[in-house]
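**Student:** Fold the following for me, if possible:
(2 chains)
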2 protein chains.
Amino acid sequence: MWGIELKRNSDITLSRQIYLNLRTKILEGYLKPGESLPSTRELSRILGISRNTACEAYDMLLAEAFTESRQGSPTRVAEGLQLEPTTPALPKLNRVEPPQAAFRADFRTGQPDLRRFPQHQWLQLLHQSAPEIPLSQWGYSGPQGLLQLREEIAAWLLRSRGIKVHPQDIYITAGATQALHLLADLLCNDGQEILVEDPGHTGMIHALQGKGIPIRPVPVDKHGLQTEHLNGQGAAAIYVTPSHQFPLGGILPALRRTALVRQVREYEQYIIEDDYDSEFRYSGGPIAPLYSMDPERVIYVGTFSKTLFPALRIGYVILPHQLQAQWRYLRTHADVQNPLFEQAALAQYLQSRKFDRHVQQMRKLYGQRRKILLETLAEVWGSKWIPWGDAAGLHLAVEFPGMSFDMEFVRQAKEAGILVTPAEYHSLNKGLHQDKLLLGYGHLEAEEIRQGIRLLYDFIHSN
Amino acid sequence: MWGIELKRNSDITLSRQIYLNLRTKILEGYLKPGESLPSTRELSRILGISRNTACEAYDMLLAEAFTESRQGSPTRVAEGLQLEPTTPALPKLNRVEPPQAAFRADFRTGQPDLRRFPQHQWLQLLHQSAPEIPLSQWGYSGPQGLLQLREEIAAWLLRSRGIKVHPQDIYITAGATQALHLLADLLCNDGQEILVEDPGHTGMIHALQGKGIPIRPVPVDKHGLQTEHLNGQGAAAIYVTPSHQFPLGGILPALRRTALVRQVREYEQYIIEDDYDSEFRYSGGPIAPLYSMDPERVIYVGTFSKTLFPALRIGYVILPHQLQAQWRYLRTHADVQNPLFEQAALAQYLQSRKFDRHVQQMRKLYGQRRKILLETLAEVWGSKWIPWGDAAGLHLAVEFPGMSFDMEFVRQAKEAGILVTPAEYHSLNKGLHQDKLLLGYGHLEAEEIRQGIRLLYDFIHSN
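**Tutor:** Okay, here's the model as predicted:
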């Protein structure tokens, strides 16, 4: 009777099972408006449950007014509750999580070598630093981020780049993408554009376009953004990667830097300086950021995704004073703040200088890998290739004169187990960089680089 | 000579000090275009440094084209680099981090009791779960969140609410605010409105308004959203808190639930169901979510900020299938993904059922505190107050007939060391709830509640 089948060894309590069962019957119209339910005494007898359990189930139905109850009358089904059953809008197929693809040659860009990350050391720091966090920080502690971490970032910027930044001007982010996501809201009013490098980082450009921000491409040559093609009128900001242009690899020369700064001053715009991998420069130290030329007009975007690991999700922006109140508002209403423990661990990592040593070691390692990549290209391709850009970063842009790489090439390469990106993938005006491939090498061991280049050569020359 | 003062015991290398010094002199015009720099041999002699150090400094200047160098000629300053010095746009005052205010009576809403959180247990889980995370997850692992955590959330939803959700339909977020931030972009096209409860959560409403989303208030009574005033035409979605209306505390009755579902079906809208604290219900179990009535039209927003602690920054949404691809795109371009370790620790916390026990304990504790609050109000205020809403959550809305609480009241109370929010603060149409205060009690010990209410009484009656 009542068609209630109870599962006695279920995780769901008996009272909840009864409540859910009756609720469904009411919504689906099997129990009609005004129909009376058995008394709790009766129900407990029918189902072989305690009276208490029956009361709990009825209380839940009553609390949501699925039923009505008057002194002395039986509990009745309320009026007007019947709903048509749901029909799924789309068939629910493909319910299996997609498997991770494995490639014989994986030249994807922007990947640090996670295998060489001192995981154990990091987890120890995570463990050591967490108990020292004051309890108040476990609550809502504001959108700017842990003070201790901001102080350590300021100290690191001073010793690594020679720039002086007050911790008050540093805002912790959930990475560079979030920085751009919020800056777009902060800087662009009423359809104002953002100027971007072309080619430039597709992911970042999508982050802007996805928000409906109009973008205007400015061409890039081997030295970076071609400021002679810059016409900034009407734009809110210019997004650049001056220390190591993504993807072509140039260092922006001083003359173009000053031209950039002059323009943003003239039009009261901002430069968004994305310094995504300048820690990894293999001849000479890191480039001094554009930020140091005009801290009132340059917003510096830093990240730890490349120096540590991407799933850390910690970056930072250095903001001119006049933008800070609005940033705090936007961050609070976007995702409130960063989580706590990673921030504390990173502060200790910086403070102990273990970070400096890790960056130093990885710079040496990545430099060797770059050398191996260049040597292997020379061995395999002879003289029919031209490296672009400065000796820096985790990838190399290579020109293969006379070749043309399109998305069909990418697809076929993928089928052959080779993951590689044409520079053209990151181009807005198509057709100018079809002869270039981007070879990410940071995450590859020497032998993986050598084998990968040979596979790539064979693949290209068999087609 | 050359006015370069080197600091030998600095964190900044000597070569970088020279580079920064010369760079500044060039930008500020003290070194003129075409002027020749001393040879590296000469510079090393003048400054008492190694030739290598001088070469490093010159290489950095040359890499950025601050200087030009031709075979056989001295290094010269490049043309056109002089910049006017920066003048700060705003005076940089207030450089001190604001101190945390301490209150004698702190009735803020939405605060779990951090003092009772089993920190040690949590940190142990964090420590234990981290080494088990596969290395691949330390990289970019996609916008949906850790599979293990999604599976545990699905299991928890089944055993606590009786709803069946596939882990594939769960998307981990950085909290409920982020969920709303992304849903606004996902659902609203071309100025489409979102309907909100009035009064409703100001922070969440600001999250929408800050994005330029037009909102339309729908009045709330003691049972929640008044669906008879609902006219959804032209709106994209309805944002509701049906399990425990914020701030007035009602449980949405079944008849209004079915009316809501009927409307969103008719206009092809979505319900955004914010289930921010339904774990804490003190008579009967948690309310079954609206989601279970129509998983194709209801987006369920869950959070662990109240059950665990706010700085965790983990929540989740359950998304209808047809919205998932766009969500993945938006999340990827907003902040990519959640960080890793908290997700792994939370998965273990759920899997071990320590989470269930913690929620159980806190429910008991918060229920006692609510009781103490009600008793103290009765003692101190006699019969001149009316509690609103259901026995649930971390705060109570109290009506004081004949009183009127405005922002001036809040300011004066704050000066007297009392933090309290009028319901009116969360109202869009002002003037309807001036006689109500919101009293957050979850984070307060019994004695703090008793003293706080007496202080509040004295303060109100001395004015």
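
**Student:** Output stretch A:282-295 as PDB, nothing but the C-alphas.
**Tutor:** Presented in PDB, the C-alpha positions along stretch A:282-295 are these (Å, rounded to 0.1, in the frame of the first residue of the first chain):
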ATOM      1  CA  TYR A 282      69.000  32.400 -20.900                       C
ATOM      2  CA  SER A 283      71.400  35.200 -21.700                       C
ATOM      3  CA  GLY A 284      71.500  37.900 -19.100                       C
ATOM      4  CA  GLY A 285      69.000  38.500 -16.300                       C
ATOM      5  CA  PRO A 286      65.300  39.200 -16.600                       C
ATOM      6  CA  ILE A 287      64.300  42.300 -18.600                       C
ATOM      7  CA  ALA A 288      63.200  45.300 -16.500                       C
ATOM      8  CA  PRO A 289      59.400  45.500 -16.900                       C
ATOM      9  CA  LEU A 290      57.700  48.400 -18.700                       C
ATOM     10  CA  TYR A 291      56.100  49.000 -15.400                       C
ATOM     11  CA  SER A 292      59.200  50.700 -14.100                       C
ATOM     12  CA  MET A 293      58.900  53.300 -16.800                       C
ATOM     13  CA  ASP A 294      55.500  54.600 -15.700                       C
ATOM     14  CA  PRO A 295      53.800  53.000 -12.600                       C
END
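
**Student:** buried set for it?
**Tutor:** When burial is assessed from 16 or more other C-beta atoms under 10 Å in any protein chain shown, stretch A:282-295 yields the following buried residues: A:282, A:284-295. Backbone N, C-alpha and C define where each C-beta goes, glycine included.

**Student:** Quick check on residue A:392: phi, psi?
**Tutor:** phi -160, psi 170 (degrees, to the nearest 10).

**Student:** Can you check the pLDDT for it?
**Tutor:** Model confidence at residue A:392, given as pLDDT, is 93.

**Student:** What of residue A:1?
**Tutor:** Here the pLDDT value assigned to residue A:1 is 47.

**Student:** Show me the buried residues of stretch A:282-295 that map onto strands.
**Tutor:** Per DSSP state E, strands hold no members of those.

**Student:** Of these, which ones also sit close to chain B?
**Tutor:** Checking these against chain B by C-beta under 8 Å from any C-beta of the partner chain, the ones in range are A:284, A:285, A:287, A:288, A:293, A:294, A:295.

**Student:** Show me which of those is closest to residue A:267.
**Tutor:** Nearest to residue A:267 among these: residue A:294, at 13.4 Å, using C-beta to C-beta.

**Student:** Please verify my assumption that that closest one contacts residue A:265.
**Tutor:** Yes - A contact is recorded between residue A:294 and residue A:265 when judged using C-beta atoms under 8 Å, the distance being 7.2 Å.

**Student:** so what sits against both of the two?
**Tutor:** Common contacts of residue A:294 and residue A:265 (C-beta atoms under 8 Å, 6 or more residues apart in numbering or on different chains): none found.

**Student:** how far away is residue A:269 from residue A:236?
**Tutor:** 6 Å (C-beta to C-beta, to the nearest Å).

**Student:** what about residue A:408, how many residues close to it?
**Tutor:** Residue A:408 is flanked by 8 other residues according to other C-beta atoms under 10 Å in any protein chain shown.

**Student:** what helix or strand is it on?
**Tutor:** Using DSSP states H and E, the element containing residue A:408 is helix A:407-415.

**Student:** Can you name the element that comes right after that helix?
**Tutor:** From helix A:407-415, the next helix or strand downstream (DSSP H and E) is strand A:418-419.

**Student:** If you count neighbours, what's buried in the longest helix that chain A contains?
**Tutor:** When chain A is parsed with DSSP state H, its longest helix is helix A:354-381. Along helix A:354-381, these residues count as buried under the neighbour rule (16+ other C-beta under 10 Å): A:355-356, A:358-359, A:362-363, A:365-367, A:369-370, A:372-374, A:376-377, A:381.

**Student:** what's the answer for stretch A:164-182, then?
**Tutor:** By neighbour count, with 16+ other C-beta under 10 Å as the criterion, the buried positions of stretch A:164-182 are A:165, A:167-182.

**Student:** What sits closest to the residue of the stretch 251-400 of chain A found nearest chain B if chain neighbours are left out?
**Tutor:** Nearest residue of the stretch 251-400 of chain A to chain B (C-beta to the nearest C-beta) works out as residue A:253 at 3.4 Å. Take residue A:253 and drop its neighbours on the chain: the residue closest to it by C-beta to C-beta, 6 or more residues apart in numbering or on different chains is residue B:65, 3.4 Å away.

**Student:** need the residues of the stretch 151-300 of chain A near chain B, please.
**Tutor:** Selection of the stretch 151-300 of chain A residues close to chain B by C-beta under 8 Å from any C-beta yields A:155, A:158-159, A:161-162, A:166, A:168, A:173-175, A:177-178, A:181, A:185, A:203, A:206-207, A:210-211, A:223, A:251-255, A:257-258, A:261-262, A:265, A:283-285, A:287-288, A:293-297.

**Student:** still on that earlier bit, now the helix holding residue A:408: mean pLDDT?
**Tutor:** The average pLDDT within helix A:407-415 is 94.

**Student:** What are the buried residues along it?
**Tutor:** Counting neighbours by 16+ other C-beta under 10 Å, helix A:407-415 gives A:409, A:410, A:413 as buried.

**Student:** Among those residues, pick out the one closest to residue A:22, please.
**Tutor:** Within those, distances to residue A:22 taken as C-beta to C-beta reach their minimum at residue A:410, with 56.5 Å.

**Student:** Tell me where the stretch 201-350 of chain A has strands.
**Tutor:** In the stretch 201-350 of chain A, the strands defined using DSSP state E, counting those that start in this stretch lie at A:215-221, A:224-225, A:235-240, A:270-274, A:298-303, A:315-318.

**Student:** Check which helices and strands the last one sits against.
**Tutor:** Applying 3 or more C-beta pairs under 8 Å, 6 or more residues apart in numbering or on different chains; DSSP states H and E, we find strand A:315-318 packed against strand A:170-173, helix A:176-187, strand A:298-303.

**Student:** Mind checking those for the one nearest to residue A:76?
**Tutor:** Shortest separation from residue A:76 across the helices and strands packed on strand A:315-318 is recorded for helix A:176-187, at 52.3 Å, computed as C-beta to C-beta.

**Student:** ok, and what's touching that closest one?
**Tutor:** When contacts are defined by C-beta under 8 Å, 6+ apart, helix A:176-187 is touched by residues A:173, A:194, A:203-204, A:207-208, A:211, A:213, A:236-237, A:239, A:270, A:272, A:274, A:276, A:299, A:301-303, A:305, A:315-317, A:323, A:326-327, A:330-331, A:334-335, B:210-211, B:332-336.

**Student:** and the next element down the chain from that helix?
**Tutor:** Using DSSP H and E, the helix or strand that follows helix A:176-187 in sequence is strand A:193-198.

**Student:** list the buried ones in that following strand?
**Tutor:** A:193, A:194, A:195, A:196, A:197, A:198.

**Student:** domain parsing for chain A?
**Tutor:** Structural domains assigned to chain A are A:14-77, A:105-109+A:357-462, A:118-354, following automatic domain parsing.

**Student:** Can I get those domains in a markdown table including distance to residue B:435?
**Tutor:** Output for the domains of chain A, formatted as a markdown table (distance: least, C-beta to C-beta, whole Å):
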| stretch | distance to residue B:435 |
| --- | --- |
| domain A:14-77 | 26 |
| domain A:105-109+A:357-462 | 59 |
| domain A:118-354 | 28 |
